Structures are given as C-alpha cells and as structure tokens.
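>>> Okay, predicted coordinates and the sequence, questions at the end:
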Amino acid sequence: MVDVLKVESLSVYYEKNPAVQDINFNVQEGNLIGIVGPNGAGKSTLIKAILGLEKSSGSVSIFGQKVNDVRKQISYVPQRNQIDWDFPVLVEDVVLMGRFTHIPWYKKASKLDREIVVESLEKVGMLEYRKRQIGELSGGQQQRVFIARALAQHADLFFLDEPFVGIDVTSEEIIINLLRELRDEGKTVFVVHHDLSKVEQYFDQLLLINKELVDFGSVHQVYQPEILAKTYKGSIQLFGANENIMVVSD
C-alpha cells in the first residue's frame, strides 16, 4: 500500500533558528490526525512545509509523488486570521474557488461545478447564505464556508489549521462530523488543534510536535501524561470527572 504522505528529514529554519527540525513520519489513508503542541512549536510551519509553502530541506511525497504533481488532491484551510474577510466576495464564490483546480483557465464554471458548490454549502448548513458577503458572517459561519470550499475541491488529503478556534459549538459539531465522514470515505485529514480535552473524542492519531517530532501514533498510544509532558516541557495534572489534562510548566 502506498503511503498517502511520507515525510523524511523535513526541516525549516528562520535565520538559522529551527522552526521544525528533522521531522519523519508516514501516514496511510483513512485517518483523522491531530497535530498538537504548544504555541510556537511549529505546527502551522509543518503544514506549510509539507505543502511547499515554506522553504525547507528534506523530502515530502504525497501518494508517492511530488507535491506539485498532486495539487488537485490536496486541500488546505488556513487559520482564519490569515484571511482578508473584508474582501468583497460572495459565499458561493468562495466555495467555487475550491473548483478552480478542476477548471481550465480558459473555461467558465460548468453546471456541474455550480451543483458541487450547492452540495458543499448544504453539507455545512450554509446554503441559505450563498448570496451573502463573506465578511457579513460570524466566525463559525465563515469557517463553515471555507470547509465547504475544501469539500468542493473533492480532494483526498486535507490540512486544516486551527479550524475550531473562535467558532460556536454548532459550527464545531458540524465540522468535526464532516471530517469524520471524510475519514470514513478513505480520505486523510490533518487538523492543527490546541484543545487537549477533545483529542480522544476527535482523532484517530496524534502527531505531537515541539519543533521536533515528539511522538506519532494512535491516540491510545500517544495521549499519555509522560509524552504530553515531554511535548509541552512541563508537568501534567489530571483533573475533573473526565480526567482532562492540564499542563503545568516547570
């Protein structure tokens, strides 16, 4: 079986300081994977390096090929704070952007493309907002629209950077359920995530990073106090009825 993603000796340096260093792992299809680590650990940098959006050393192969050869099969949802929400564009046009990798530059969007836009908006519960300006929506609604754009692309590998930050509970539930559906369809989904209390509920596997790869494996194997303490460079305390994890710095 060909690995969906294979990362070997991947490193990114900013002015000789490592942002991520010597990252190695491989992933097979049909997994929902959380990327977890403290602020400044290199989680977003790792995604961008994998996608070729950061200058890096090492190698990345996706479906056994170079990233540029399989762009159509990869969907990326950046952090909301990286998006210009004042840009005057309608919700349906944002989602249509997910079809651009399938539409030759000399052609207009087809009836099928428009149908896929409608279908994607329906999945995230945002069809009634299709004619709204994207900047008029709440944070959760905006995030759902960008998830719809990712769905419209019909990709096989998804990267989402902090998709649950600053959104309402309803939007979070809709998004995580859609990500599970993608996983169940054999897609592979990476999610940069910060809420440790939900990783057991949300993910099949965890990639723990603090500039270097601390551990990678099933949630059952990796979600352990000693491994989390190593990741966050602090002690770990369990609290509450569900034994949620709290990190206490040394």
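Here it is on my side, so go on.

>>> quick one: what helix or strand has residue 88 in it?
Counting by DSSP states H and E, no helix or strand carries residue 88.

>>> How about the contacts made by residue 164?
Applying Cβ atoms under 8 Å, 6 or more residues apart in numbering, we find residue 164 in contact with 172, 175, 176, 193, 195. Just so you know, the C-beta spots here come from the backbone N, C-alpha and C atoms, and that holds for glycine as well.

>>> per-residue confidence for it?
We have a pLDDT of 93 for residue 164.

>>> Could I get the phi/psi values of the closest residue in space to residue 110 that isn't next to it in sequence?
Leaving aside its chain neighbours, residue 110 sits nearest to residue 103 (7.6 Å; criterion: Cβ to Cβ, 6 or more residues apart in numbering). Torsion angles at residue 103 (phi, psi; degrees, to the nearest 10) stand at phi -110, psi 120.

>>> Now the buried members of the contacts of residue 164.
172, 175, 176, 193 (16 or more other Cβ atoms under 10 Å).

>>> Please name the nearest non-neighbouring residue to the third one.
Nearest-residue entry for residue 176: residue 202, 5.8 Å, with adjacent residues in sequence omitted and distances by Cβ to Cβ, 6+ apart.

>>> Was I right to think that neighbour contacts residue 34?
Yes. Between residue 202 and residue 34 there is a contact under Cβ atoms under 8 Å: 6.5 Å.

>>> Find the residues that touch each one of these two.
Counting by Cβ under 8 Å, 6+ apart, the residues touching both residue 202 and residue 34 are 191, 193.
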